[in-house]
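Participant: Coordinates for the following, if possible.
(chains A and B)
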Amino acid sequence: MVASIMMLAAAAAALLGDGTCGTYSPDGTKIALQRTESGKSRLYVLERAGGRCERVEPGPGNAAFPAWHPSGEALVYTYGNETNTAWMAKDGQTGYHLRIWEKGAVREITAGRFRDSMASFSPDGGRIYFASSRCATPKVFDASRTGVYSVSPDGKGLSCLVYCPDNNMGVGQPVVSPDGTLLAFAHIANFYSPWRIVCAKLSRPEEYIPLSPAKDSAYAPRWMPDGRHIVYTGFSKGDPGWCVYILDLRTGSTRRICEGRNPDVHPSGRLLLYDDGARLWERPIGPDDLPKGYMVEVEKERRIYSEPERVLWKADNPRTPMEVPIGKDFIFGRDRTIFVRARFRHSTPAGAPRFRHLLEGRYEGAERGFQLFLDGSQPKFAIRDGDGMYLPCCLSTNLVAGIEYELTGIRTAHRLMIHIKGARYPMHAIDIDSTFPLDVPKSLGVGMTMGADSGIEKVEVGTGWPANVQVPLMRATLFSKGGAE
Amino acid sequence: MRLQSVVSAAIALACASAWAKFEKIAYIDSFDYPHLHETETAEGSIRILENVLKTGATTILWRNQSGAIPRYPSAEEALPLKEPPLDKRRIPLSETVRGWVRFDDCGVNLIQAAADECARRGVRFGIHLTTEENHFESWTLSPWNLEHPQYWCCRNGGTPWPGRCSLAYDEVREHKLRLFDELLAMRPQMIYLDLCRSGGWTPSLEYVKPMEDEWRRLFGCDPPDKSRDPRWLALVAKYVERYYTEMRARITRTGRPVELLIAIEHAGRDSDWNWTERAVDWRKLLRAGVVDAVVVSSVDPDWKDPWGSTAKIYGDVVREVRAIGRGKVYFPIMSYNFTGRPGYPEYAKRLGISPANAVQRLLEIARDAGGDGITMEVVDGGNYSKDVCAVISAFKVETNKGE
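Facilitator: Presented below is the predicted three-dimensional model:
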């Protein structure tokens, strides 16, 4: 009983004052934070000893998401001063840009009609990583997307690290690991997916893999000083609200610490900073707070990608539409990875319907249980969920008439993917939940809506991981010894 | 001043007499105008109103929210810093001007400004209330929603869905009713419950704990895999109906005659779309006095006989409503096809006639079926052409429906 009370006391959180998005300075003596005052976000630095709090950005606009330079002498943050009405901003330079505050002086790092935010420094202080709406063309209707960008502290050398090609696809809070080899950030694949924490080698940032559980919502990652764990804001079914979680990179195991959000860990690794109800809290953490166990997903992942492809049916030059009844020997099997592949020469005949199906699986209860098709010139692979609702996975590539393409649709137990050979962004994937069972199709339809000459040169369906698609980066590979080099 | 009030009341009375005959209701989505002129001022709202009144509308219904972000200063959704990039969970809309609009934070209640102008002009004013908490983009999510993930809807597989909070939680209904009170405070004469714009919500996303617990109590087993299970739909409908019934109670509490309208989507389909996709039984709500009118928001005509089949669908709905013994019926004059809902251009295209002629025929069918008026779906900048507006404005119905 006494021991329990002592443990509770040890874990008790201390209120530091008003504020959100707090972050420890590299020496742990200060906290940069933001406060909402009269509807505007203001930036402050709080001295942990003594509690002196100084405002650091004097501008009238919103300043948010501070992050320290490794020297502890400067902060990078986002700043924007909105006009009274949107119309007034029509011809101006309205936007949210990165600023650096250093020794009382402020300088702007980025510019333009963009929203740059959630920046952080690299461990050596030589680069700034941030999320930006630069992926979207400002005049495009409903362009809603963000990517990961990088810039030098002097504002030079702006580059895109992770491009998000689709609307409602976005990133947030990119942060580099303490050893400078990995990049973690929040990512959302589309409007129907939850935010997830993903990670990539800094040298190949576009090959990112999801770290947080597929069923959870997770954002605002920060590295713990050990470089083996990430703290983030998360929500899992049954939680009382947004909570602070710790994630073990190697196993994928997570542990819920407390209610709150925007966590950061003290350089000593012994204190956790977070906000709850627009107030900043600090509480001790120790080895007992770290997640335990081995997440089954890691082993599942290994099994999925190591199962060799087995072609169950194929057809060469099926130029005219054909429906193929399936014999007894043709079954995908329960929860197996299945793939469908089509090689074809793209054309856009006049009067063609908007949706043209290369390959479709017909089922009792779902006329198109799976479908590999073109929406205009955009390739898509779709299945049905347990309710028969349409679940699409779309490539951003627009196909060009006269060119030969190879498209592959893949469904594993938990993901839906579409791959196009040779493109800069060859793969798009979404996590899936309950799905319509694809074990035993009634028939296959080939080129059913493609017209008299479909241009299809070969179609195949099968199980296992398709040999023509590179195995995605796996957690085990990324975090194995030397994997991050 | 007093004389002006008397004149306004006389105009309103005269208009009321006309409304009883055949009402022309236009929905206004002010978010469709920011690229045309400055819309975050009272003058901007009035310019939008003037544009819409060119259709001959006798009633306007102003959209209350963008996705779920109110278009007025809302105490219930007052959370600051809700827009991207100041909220880490929102992806910004980068479109020039429109991406920067803040209807809730421009120092003016723009909806109230429009309502006041309507009163001055003797035009009926109401609210187009969408049931969504998003408009398929994360920047449109409700601030309250993002603060309360514990109330999010959930898929059958256990993945929470942030697109909407579940009505199965008392806290959610109470929140939504507080928002409803804010709308009532603007003194609308009509509120239209739009079921089309649900932000992707269907009963398949209601696998939340209170619903699952109740299912287990009722049936002694786990919830069904298929959300179209009639028992599941009935359970979800119970909470939807409770919400609408509580809305009606709030209206009654005001002591003002506010008409509550509800949509019928895809009239003419074999399946009852309202029931399977929204868990709404409009007949029950009408019978119980919860709603006062139905808006046939979309129909699925038989394109082998577009006019005949449309007339039959309209007639069937009117007969059902008259059999219930109360309620008005409105039919659509929709200027575009919207997610499988054919507008008048589809009739024009398929029959090889002008849009104005298609509208004329649809007006006649609505009148001949015994309809109480028509609705115009989101009158954007120029989507109702001059010819079409002229036809709608000139259309008169002499027969009084006995309202």
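
Participant: Which residues are in contact with residue 306?
Facilitator: Picked chain A for this. A:Ser306 is in contact with A:Trp465, counting by C-beta atoms under 8 Å, 6 or more residues apart in numbering or on different chains. (C-beta placed from N, C-alpha, C; glycine too.)

Participant: hmm, I had chain B in mind actually
Facilitator: Shown in contact with B:Pro306 (C-beta under 8 Å, 6+ apart): B:347, B:350-351.

Participant: Turn those residues into JSON lines, including pLDDT and neighbour count.
Facilitator: Supplementary listing: those in JSON lines, determined by pLDDT from 0 to 100; neighbours: other C-beta atoms under 10 Å in any protein chain shown:
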{"residue": "B:Tyr347", "pLDDT": "96", "neighbour count": "21"}
{"residue": "B:Arg350", "pLDDT": "94", "neighbour count": "13"}
{"residue": "B:Leu351", "pLDDT": "96", "neighbour count": "14"}
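
Participant: Local confidence estimate at the residue of the stretch 201-350 of chain B found nearest chain A?
Facilitator: Using C-beta to the nearest C-beta, the closest approach of the stretch 201-350 of chain B to chain A is made by B:Ser204 at 4.5 Å. In this prediction, B:Ser204 carries a pLDDT score of 93.

Participant: Tell me where the stretch 1-150 of chain B is predicted with low confidence.
Facilitator: Applying pLDDT under 70 to the stretch 1-150 of chain B flags the ranges B:1-20.

Participant: ranges for the helices of it?
Facilitator: Ranges of helices within the stretch 1-150 of chain B are B:2-21, B:42-53, B:110-121, B:143-147, based on DSSP state H, counting those that start in this stretch.

Participant: Domain parsing of chain A, as residue ranges.
Facilitator: A:12-300, A:309-463 (automatic domain parsing).

Participant: Quick check: buried residues in stretch A:45-60?
Facilitator: Along stretch A:45-60, the positions that meet the burial threshold by neighbour count (16 or more other C-beta atoms under 10 Å in any protein chain shown) are A:45-46, A:48, A:53, A:56-57.

Participant: what two of those are the furthest from one another?
Facilitator: Looking at those by C-beta to C-beta, the two members farthest from one another are A:Arg48 and A:Glu57, with 20.3 Å of separation.

Participant: From the contacts of B:Pro306, which land in helices?
Facilitator: Assigned to helices by DSSP state H, the following of these qualify: B:347, B:350-351.

Participant: Format those as JSON lines; extra columns: distance to B:Ile127.
Facilitator: Shown next, in JSON lines, are those (distance: C-beta to C-beta, whole Å):
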{"residue": "B:Tyr347", "distance to B:Ile127": "29"}
{"residue": "B:Arg350", "distance to B:Ile127": "34"}
{"residue": "B:Leu351", "distance to B:Ile127": "35"}
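
Participant: Check the residues you listed one by one and keep those near chain A.
Facilitator: Filtering the ones in helices among the contacts of B:Pro306 for proximity to chain A by C-beta under 8 Å from any C-beta of the partner chain leaves nothing.

Participant: what sits against B:Cys106?
Facilitator: B:Cys106 sits in contact with A:84-85, B:40-41, where contact means C-beta under 8 Å, 6+ apart.

Participant: just to revisit the earlier point, pick out whichever of the ones in helices among the contacts of B:Pro306 sits closest to A:Trp313.
Facilitator: For the ones in helices among the contacts of B:Pro306, the residue nearest A:Trp313 by C-beta to C-beta is B:Arg350; the value is 39.7 Å.

Participant: And A:Ala49, how far from A:His266?
Facilitator: According to C-beta to C-beta, to the nearest Å, A:Ala49 and A:His266 sit 13 Å apart.

Participant: need the residues of the stretch 1-150 of chain B near chain A, please.
Facilitator: Checking the stretch 1-150 of chain B against chain A by C-beta under 8 Å from any C-beta, the hits are B:34, B:37-41, B:80-81, B:84-86, B:88-89, B:91-102, B:105-107, B:134, B:136-139, B:147-150.

Participant: List buried residues within those residues.
Facilitator: Among the residues of the stretch 1-150 of chain B next to chain A, those that count as buried by neighbour count (16+ other C-beta under 10 Å) are B:34, B:38-41, B:80-81, B:84-86, B:88-89, B:91-102, B:105-106, B:134, B:136-139, B:148-150.

Participant: Any idea what the residue positioned nearest the centre of chain A is bridged to?
Facilitator: If you average the C-alpha coordinates of chain A and look for the closest C-alpha using C-alpha atoms, centre = their mean, you land on A:His187, 2.0 Å from that point. The partner list for A:His187 in beta bridges (DSSP bridges) reads A:Val171, A:Arg196.

Participant: any idea where the helices of the stretch 201-350 of chain B begin and end?
Facilitator: Chain-ordered helices for the stretch 201-350 of chain B, with DSSP H, counting those that start in this stretch as the definition, fall at B:209-219, B:230-254, B:273-278, B:282-287, B:306-324, B:344-351.

Participant: closest one to B:Ile28 among those helices?
Facilitator: Checked against C-beta to C-beta, the stretch from these lying closest is helix B:344-351, at 18.7 Å.

Participant: Near chain B, which residues of the stretch 351-485 of chain A are found?
Facilitator: The stretch 351-485 of chain A comes close to chain B at residues A:385-387, A:389, A:433-434, as judged by C-beta under 8 Å from any C-beta.

Participant: The residues you listed into JSON lines, with extra columns for distance to B:Ala369?
Facilitator: Converted to JSON lines, these look like this (distance: C-beta to C-beta, whole Å):
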{"residue": "A:Asp385", "distance to B:Ala369": "38"}
{"residue": "A:Gly386", "distance to B:Ala369": "40"}
{"residue": "A:Asp387", "distance to B:Ala369": "34"}
{"residue": "A:Met389", "distance to B:Ala369": "33"}
{"residue": "A:Asp433", "distance to B:Ala369": "43"}
{"residue": "A:Ser434", "distance to B:Ala369": "42"}
